[in-house]
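> structure, please.
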Amino acid sequence: MPLIAIVIAALAIGFEQFVQWKLGPMGIIAFVAITIGVKAKNTMIGGIGAVILVLLLAPSG
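You can find the predicted model right below:
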């Protein structure tokens, strides 16, 4: 069981680093807002996180 927890933690840290590298600190904020919104069953917070994420992924120009 501890091996699974270590693997999950490593994947979470790797995903966080990838998002920060690709989308910057606002990407982390967006994913945190989505996570909090889902866990708290609050659609407004989750929606705000989704909008931030869409704005970061939309091509500019």
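> who's in contact with stretch 45-61?
Here stretch 45-61 makes contact (C-beta atoms under 8 Å, 6 or more residues apart in numbering) with 23-24, 26-27, 29-38. C-beta here means a position set from N, CA and C on the backbone, and glycine is covered the same way.
> give me that answer again for 6 Å
Stretch 45-61 is contacted by residues L23, M26, G27, A30, A33, I34, I36, G37, V38 when judged by C-beta atoms under 6 Å, 6 or more residues apart in numbering.
> now, of these, which are buried?
Buried members of these, scored by 16 or more other C-beta atoms under 10 Å, are L23, G27, A30, A33, I34, G37.
> from what I can see V19 touches G27, true?
Yes - if you go by C-beta atoms under 6 Å, V19 and G27 touch, sitting 4.6 Å apart.
> helices of the chain, start to end?
Under the criterion DSSP state H, the chain contains helices at 2-23, 25-39, 43-57.
> redo the contacts of stretch 45-61 as TSV? Include pLDDT.
Output for the contacts of stretch 45-61, formatted as TSV (pLDDT from 0 to 100):
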residue	pLDDT
L23	85
M26	91
G27	88
A30	91
A33	93
I34	90
I36	93
G37	93
V38	91
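> possible to save those as JSON lines with distance to L55?
Output for the contacts of stretch 45-61, formatted as JSON lines (distance: C-beta to C-beta, whole Å):
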{"residue": "L23", "distance to L55": "10"}
{"residue": "M26", "distance to L55": "8"}
{"residue": "G27", "distance to L55": "11"}
{"residue": "A30", "distance to L55": "9"}
{"residue": "A33", "distance to L55": "12"}
{"residue": "I34", "distance to L55": "13"}
{"residue": "I36", "distance to L55": "18"}
{"residue": "G37", "distance to L55": "16"}
{"residue": "V38", "distance to L55": "19"}
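> out of the residues you listed, which one sits closest to L3?
Taking C-beta to C-beta as the measure, L3 sits nearest to V38 out of the contacts of stretch 45-61, at 27.1 Å.
> excluding chain neighbours, what is closest to that closest one?
G46 (5.7 Å; C-beta to C-beta, 6 or more residues apart in numbering).
> residues near the one you found, how many?
Residues near G46, counting by other C-beta atoms under 10 Å, number 18.
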